[in-house]
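How does the following fold in three dimensions:
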Amino acid sequence: MKFDRGFFIIGTDTDIGKTYVSSLLYKGIKEVEGSYYKPVQSGCTRRNGELYAPDVEFVCSMNEKKYDKNMVTYTLEAEVSPHLASELEGIKIDIERIREAWIELKEKYRYMLVEGAGGLYVPLIRDKFYIFDLIKELDLPVILVCGSKVGAINHTILSIEALKKMGISIHGLVFNRVSEDLESNYFEKDNIDVILKLSGIERSLLINSGQREIPKEELQRFLEIEV
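Okay, here's the model as predicted:
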């Protein structure tokens, strides 16, 4: 199978909803040889002697799919940053292992969604390797999940400027938990307009609170793939 393209999904901050967005994007591509990958997950749940990655569980459950352990490489139990969780648990995160898993996934799937852990500067290996390093390693454009409420302009523009300075390509922005009636919530619409104008990014997608599916036309336009 020929790998076509992939996207690295990050958020402007914690709990912005990148896993929720990932699950919706995955729902749109899974029938066209697409898949999802979480290289490192901390805060995992132990059941029957095994660790389960909550983000993978969420993505699978949202898509009525059995939990797939091949969607994650490192599962860490402590609910802290991956670098600290790995230190506490005596587990060395080997980037080569992630690279090998990535190569295998590209041989199996046409499209891939890779979800990071938090934002750009989250460490995977203390003082050595960060999420932005992993993005460069996998050589993927970024889908940045951001908000539309108070603070969204600052958080989003700072993340975009950091990505640009790092030379990381930005595929587009996903505004998550947007009110359905933007005309009534004029400040949200204005935040979105300001972010798009300041950033110069034209490709964007709006996800309403509680939305369960992305219309095919919107998904095709945003990802620029046939679904």
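
okay, and for the protein, where does confidence drop off?
Low-confidence segments of the chain (pLDDT under 70): 1.

could you pull out the helices for it?
All helices of the chain, identified by DSSP state H, fall at 18-29, 54-62, 82-88, 95-108, 131-138, 152-166, 186-199, 216-223.

Quick one, which of the ones you listed gets closest to Asn176.
helix 18-29 (5.6 Å; C-beta to C-beta). Quick note: C-beta positions are derived from backbone N, CA and C, even for glycine.

Please identify the deepest-packed of the helices of the chain.
Across the helices of the chain, averaging neighbours per residue (mean count of other C-beta atoms under 10 Å) puts helix 18-29 on top, at a mean of 23.

by contact count, what packs against it?
Contacting helix 18-29 under the criterion 3 or more C-beta pairs under 8 Å, 6 or more residues apart in numbering; DSSP states H and E are the following elements: strand 5-11, strand 34-41, helix 54-62, strand 111-115, strand 142-146, strand 170-178, strand 204-208, helix 216-223.

Which residue is most remote from the mean position of the protein?
Within the chain, the residue lying farthest from the chain centre (C-alpha atoms, centre = their mean) is Ser184, at 29.4 Å.

and the gap between that one and Ser148?
Separation of Ser184 from Ser148 (C-beta to C-beta, to the nearest Å): 13 Å.

again with Tyr36
Going from Tyr36 to Ser148 by C-beta to C-beta gives 25 Å.

who has more neighbours, those two?
Taking other C-beta atoms under 10 Å, Tyr36 and Ser148 do not tie; Tyr36 has more neighbours (29 against 23).

who's the more buried one bridged to?
In this entry, Tyr36 is beta-bridged to Leu113, by DSSP bridges.

repeat for the one 5 residues further on
Each beta-bridge partner of Gln41 is listed here: Thr75, as defined by DSSP bridges.

Including distance to Phe3, could the helices of the chain go into a markdown table?
Formatted as a markdown table, these follow (distance: least, C-beta to C-beta, whole Å):
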| stretch | distance to Phe3 |
| --- | --- |
| helix 18-29 | 13 |
| helix 54-62 | 20 |
| helix 82-88 | 26 |
| helix 95-108 | 4 |
| helix 131-138 | 12 |
| helix 152-166 | 23 |
| helix 186-199 | 28 |
| helix 216-223 | 15 |
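
So for Thr73, which of those sits nearest?
Closest among the helices of the chain, using C-beta to C-beta: helix 95-108, at 4.9 Å.

In terms of secondary structure, what does that closest one contact?
If you count contacts as 3+ C-beta pairs under 8 Å, 6+ apart, helix 95-108 packs onto strand 34-41, strand 72-75, strand 111-115, helix 131-138.

Would you convert the ones you listed into a markdown table that also reports distance to Thr156?
Output for these, formatted as a markdown table (distance: least, C-beta to C-beta, whole Å):
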| stretch | distance to Thr156 |
| --- | --- |
| strand 34-41 | 23 |
| strand 72-75 | 27 |
| strand 111-115 | 18 |
| helix 131-138 | 16 |
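
How about residues contacting stretch 37-51?
52-57, 71-82, 85, 93, 98, 101-102, 105, 112-117, 124, 134 (C-beta atoms under 8 Å, 6 or more residues apart in numbering).

Name the nearest residue to Arg212, sequence neighbours excluded.
Distances taken as C-beta to C-beta, 6 or more residues apart in numbering put Leu24 closest to Arg212, at 7.7 Å, once the chain neighbours are dropped.
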